[in-house]
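1. give the three-dimensional model of this entry:
(2 chains)
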Amino acid sequence: MQKFYITTPLYYVNDKPHIGHAFATVTADIMARWHRLNGEKVFFLTGTDEHGEKNQKAADAKGMTPQQYVDGLADIYKGVWKDLNISYDGFVRTSSPAHEEAASRFVELMNKSGDIYKGEYEGWYCIPDETFFTDLQLVDGRCPDCGREVKKVKEESYFFKLSEYQQRLLDHYASHPQFLSPELRADEIKNRVKAGLKDLSITRAAIKWGVPFPLDKSRTVYVWVEALVGYLSGIGWRSKESEALWPADTHLVGKEINWFHAVVWPAMLMSAGLQIPKRIFAHGWWTVDGKKMSKSVGNVVDPVEMVRKYSADTFRYFLVREKPISEDGDFSEKAMITRINGELVADLGNLVSRTLTLTGRFNGPIAGRPELESHLRLDKITERMDRFDPFGALEEIWSFVRASNKYVNEKAPWKLEGAELSNSLYNLLEACRILSILVSPYMPETSEKLNAQLGVSPGTLKDCRFMEWKGNAVRGEHLFRKIE
RNA sequence: AGCGGGGUAGGGUAGCAUGGAGUGCCCGCCGGGCUCAUAACCCGGAGAUCGGUGGUUCAAAUCCACCUCCCGCUACCA
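-> Numbers count the residues shown, from 1 in each chain, chains lettered A, B, ... in the order given. Next up is the predicted model:
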């Protein structure tokens, strides 16, 4: 059986999830559900990145231990994913003992390869922000975040010989064109790697809330290096199951963390002697009402509120329908309402509604010839999904919805009777049944409702063709409520 | 500054690699049809000097050069 292992980023838990987190997680969920429909052995991992100074300080301020503090945050994430109907198979937390052990073991493997050495890190440090910057990042010699003065700091540190992997990385990119996805991000990474790689400092002396560095327990492992290992610890690295799942098929990541996944992570895996994931897919960002989302502007979109207001299915639908996964796009409730009323209510909901009303008026057996089948482009839908394009697949699915609505107008079943009426109903009912399957990764609850009204059991991709009608259709409530 | 991406009807996009009538899609607008359907559905129409200038060519949204505007990334900030 074919397997499919997909991950979301392990979210840094400095706050509750916003639309960006929801977008990545919903997208990964849709892909996971799609591959399950295809009969594959799927493992869908998400989780939280919980170490680092920020969490330690936040915990101190609340008089809690860091562990207590991040426990609460991890629960918030899990709660939101439940609200959004996320079907994850694993949830990895970087503060868990299993993860710490895995991270430690990983560092030891890198060390065995001779890729770790002790050196000195030098950088510009902004004391109030507690952040290091490189020469390039400074703005007029000052902190790019707060504009205050920075201080040159030297710190003893262990390094990973990232620079030695330049050629192997470039070779890998060349021989695995899909690895850097989407294409428009590929050159960005290739050119930067071509320009040369610096070794990566992988320990922190000052940060206590982290995984102890195995070669020198007075330090902790740099959070990034450690968090990446979460993709292994999250599937129980070195267990039988993890052997069958690795390498990951897709790491879905935000474009801002593409570097770590497309450069640092494969180099680390090469060093540790492990296989490289098949695809790193960098997704785009959301603006909100045309503006960059930020707390200070106060336009942060809360997914929980959207679910409460519009339902999980409609919010999920909007997130993947409004823009291509790889592009940036704008979120507004107005745009969402337009999509709900126009595409869900008027296209899909209306198709089901008119089909079931017409069916309800007919008493005879339902059978016919597949006249609508040529409008169903399952090959195109599958091709889009294979390219990690659930947005494009939705376009194809909707062209079938439109063709079906058109079929109703052309056939005018209300004027037909007998075998011709039966034939038109057959086509519409089969179209609805197939649509229910195709839409299920995006809107699982809607698919269930539709199946119940059609009187059919959930199908798989194999059932997405016109067969004999075997359902028992009874008109029920509207699938979607129009937003006035 | 370096590297990368982009500027196509009122808005959003596809098309560009392999040049061939401004061709497609969604929203909005105008008109018509239908009456099964949540005034939903279907058909038709208006609306674009394809960011600008110059070049290559019989022919440029598409290729080349320059200009201009917007955006992203720039590694120890997760």
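
2. helices and strands of chain A: which one has the lowest mean pLDDT?
-> strand A:131-133 (a mean of 66; mean pLDDT, DSSP states H and E).

3. toward the C-terminus, what is the element adjacent to that strand?
-> Moving toward the C-terminus from strand A:131-133, the next helix or strand (DSSP states H and E) is strand A:151-160.

4. list the buried residues for that following strand?
-> Neighbour counts using 16 or more other CB atoms under 10 Å place A:Glu155, A:Ser157, A:Tyr158, A:Phe159, A:Phe160 of strand A:151-160 among the buried residues. To be clear about C-beta, it is placed using only N, CA and C from the backbone, and glycine gets the same treatment.

5. what does it contact?
-> Counting by CB atoms under 8 Å, 6 or more residues apart in numbering, strand A:151-160 makes contact with A:110, A:115-127, A:132, A:199-205, A:213, A:215-216, A:219, A:225, A:267-268, A:271, all of which sit outside it.

6. average pLDDT for whichever helix or strand comes after it, rounded please.
-> Where DSSP H and E defines the elements, the next helix or strand beyond strand A:151-160 is helix A:166-175. Confidence for helix A:166-175, expressed as mean pLDDT, is 91.

7. now helix A:166-175: buried residues?
-> Result for helix A:166-175 [16+ other CB under 10 Å]: buried residues A:Gln166, A:Leu169, A:His172, A:Tyr173.

8. closest to RNA strand B out of these?
-> A:Gln166 (9.0 Å; CB to the nearest atom of the strand).

9. how deep is the nearest residue to that closest one once chain neighbours are set aside tucked in, by neighbour count?
-> Closest residue to A:Gln166 apart from its sequence neighbours, by CB to CB, 6 or more residues apart in numbering: A:Leu197 at 5.0 Å. With neighbours defined by other CB atoms under 10 Å, the count for A:Leu197 comes to 18.

10. one more: A:Asp302?
-> Using other CB under 10 Å as the criterion, A:Asp302 is surrounded by 15 other residues.

11. what's it in contact with, if anything?
-> Listed by CB under 8 Å, 6+ apart, the contact partners of A:Asp302 are A:Lys16, A:His18, A:Ile19.

12. let's see that with 7 Å instead.
-> Counting by CB atoms under 7 Å, 6 or more residues apart in numbering, A:Asp302 makes contact with A:His18.

13. any idea how far it is from A:Gln453?
-> Relative to A:Gln453, A:Asp302 is positioned 32 Å away (criterion: CB to CB, to the nearest Å).

14. what residues does the stretch 151-300 of chain A have near RNA strand B?
-> Proximity of the stretch 151-300 of chain A to RNA strand B is assessed by CB under 7 Å from any atom of the strand, with A:162, A:184-185, A:187-188, A:191-192, A:195-202, A:204, A:222-224, A:227, A:254-257, A:259-260, A:263, A:285, A:292 identified as the residues in range.

15. now, of these, which are buried?
-> Among those, those classed as buried by 16+ other CB under 10 Å are A:162, A:185, A:197, A:199-202, A:204, A:222-224, A:227, A:254-255, A:257, A:259-260, A:263, A:285.

16. could you look up the SS state of A:Pro287?
-> Just to correct that, residue A:287 is Thr rather than Pro. Reducing the assignment at A:Thr287 to three states with DSSP: H, G, I helix; E, B strand; the rest coil gives strand.
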